[in-house]
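> sequence below, structure please.
(one chain, ligands or ions: 2)
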Amino acid sequence: MKTIGFIGLGLIGGSIVKTIRKYHSDYRILAYDQDRETLASAVSSNMIDAVCEEHDERFAGCDYIFLCAPVEFNVQYLEYFKDHLGPNTILTDVGSVKGIIHKEVERLGMESCFIGGHPMAGSEKTGFESSSDRLLENAYYIITPGGEIPLDRLTDFTELISSLGAIPMVLTSEEHDFITAGVSHLPHIIASALVNLVSMLDSDQEYMKTIAAGGFRDITRIASSSPIMWEQICVENNKNISNVLDDYIRLLIQIRCFVDNKDSQSLYQMFANSRDYRDSIDVVDSGLLKKAYVLYLDIADEAGGIATIATILALEKISIKNIGIIHNREFEEGVLKIEFYDGSSMEKGAALLKKRNYIVYER
Ligand SMILES: NC(=O)c1ccc[n+]([C@@H]2O[C@H](COP(=O)([O-])OP(=O)(O)OC[C@H]3O[C@@H](n4cnc5c(N)ncnc54)[C@H](O)[C@@H]3O)[C@@H](O)[C@H]2O)c1
Ligand SMILES: O=C(O)C(=O)C[C@]1(C(=O)O)C=C[C@@H](O)C=C1
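Ligands and ions are numbered 1, 2, ... in the order given. Predicted coordinates:
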């Protein structure tokens, strides 16, 4: 039996708590969040055993304490925990930037009790109500151990992360901050800039907003993410982000030249290269781009159509992750998109629906 403490019970803190409850029902969970309603909802859903104050001696009895607030707030907690950890407590965090917290850990001499962490899973949604016990499933969980962490403590922590269904990967904080600047931080900046550009260019009639279809939606979902979280990430990883933005701007200028010069060959090559690289990522079963298990099917536009399909799948105990009608150019009439949790559910679902004479597209 272990005791685990949490500071911050939003999307990520809440998801870790729910996953611990799922796989380790005997663990005791203590938590503090600055939002009282969040704590009340965690207690009433039986996800935590005790509510703590911001500075609370009970945290010293924890085996692990997870800092799950926005990055700069996590860093601010180190000062308190420096003198309030038990002899065996490991302090960890889930922040999207690692350099800044490790710097403070070193300054405070806490390297023997701190292990940095960052689950590469998330969402544009925030808060405990959006958290899920499936968020960590098959996601890479980057671990950035402090220089003086004993090997057995690191092994224990890695085992805890594996036991939650995630895939631990050890990196240095420098490697982490460079890599995430490219594959996470820059994409959020691009999505935000694109949405702001369209908002700026759109007319009073808002035609752009009205007709924006699948392409715009696919690339801009993350523009709805938490402003406070992303403001702090950009400030705290500013050097890496600035460098990768430079590369990106150079690339955009080059693309503008291709367009201005109607350089068909270069434009074709650009799209061909990106397609090949993107497709090579998608075949990986877990990773930064997790494989989506999705089926599309034609469905008559009549009341109860979706409910019928949901019932057919539910009767066979096949869970649906997401379901909805999509309209885009790929499917002229619009189709029903169903997302499953795993490949075998998708295959079972496809077979079942085909047997019922639905036209199913697998891609
Ligand atoms: N959202 C993602 O996709 C994602 C993915 C991986 C890691 N992260 C990291 O996880 C951390 C939390 O992000 P989230 O998505 O869960 O955000 P969130 O907004 O859903 O949750 C943050 C929680 O922290 C609480 N909080 C804020 N300041 C606090 C403070 N000073 N003391 C105590 N509680 C405080 C808030 O009330 C909220 O419940 C961030 O460091 C972020 O970088 C986010
Ligand atoms: O899927 C999303 O919505 C995310 O933005 C998740 C995402 C990312 O992939 O960039 C966001 C921030 C994190 O630190 C890790 C994961």
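
> use CA for all of it now, contacts and neighbours both
OK.

> pull up the residues of the stretch 101-250 of the chain that are close to ligand 1.
Those residues of the stretch 101-250 of the chain that sit near ligand 1, judged by Cα under 6 Å from any ligand atom, are 118-123, 126-127, 229.

> what's the closest of those to His55?
Proximity of these to His55 (Cα to Cα) peaks at Gly127, which lies at 21.7 Å.

> now do the same contact list for the residue lying closest to that closest one once chain neighbours are set aside.
Spatial nearest neighbour of Gly127, excluding adjacent residues (Cα to Cα, 6 or more residues apart in numbering): Gly10 at 3.9 Å. Listed by Cα atoms under 8 Å, 6 or more residues apart in numbering, the contact set of Gly10 reads 38, 68-69, 126-131.

> and which of those is nearest ligand 2?
Thr126 (9.9 Å; Cα to the nearest ligand atom).

> so that closest one sits in a helix?
No - counting by DSSP: H, G, I helix; E, B strand; the rest coil, Thr126 is not part of a helix but coil.

> mind checking which of the residues of the stretch 101-250 of the chain next to ligand 1 land in helices?
Met229 (DSSP state H).

> count the residues that sit near the residue of the stretch 201-350 of the chain found nearest ligand 1.
Closest to ligand 1 within the stretch 201-350 of the chain is Met229: 5.9 Å, counting by Cα to the nearest ligand atom. Using other Cα atoms under 10 Å, the number of residues around Met229 comes to 16.

> what parts of the chain come near ligand 2?
So far as Cα under 6 Å from any ligand atom goes, the chain lies against ligand 2 at 96, 120-124, 184, 222.

> mind redoing it with 5 Å?
Residues of the chain that fall close to ligand 2, judged by Cα under 5 Å from any ligand atom: 96, 120-124, 184.

> I'd like the distance between the residue lying closest to the residue of the stretch 201-350 of the chain closest to ligand 1 once chain neighbours are set aside and Val94.
Distances taken as Cα to Cα, 6+ apart place Pro70 nearest to Met229, at 5.4 Å, with adjacent residues excluded. Distance from Pro70 to Val94, counting by Cα to Cα, to the nearest Å: 9 Å.

> more neighbours: these two, which one.
Counted by other Cα under 10 Å, Pro70 and Val94 do not tie: Val94 has more neighbours, with 25 against 22.

> for the residue nearest to Gly127, what are phi and psi?
phi -90, psi -140 (degrees, to the nearest 10).

> roughly how far apart are it and Glu37?
Gly10 is 11 Å from Glu37, by Cα to Cα.
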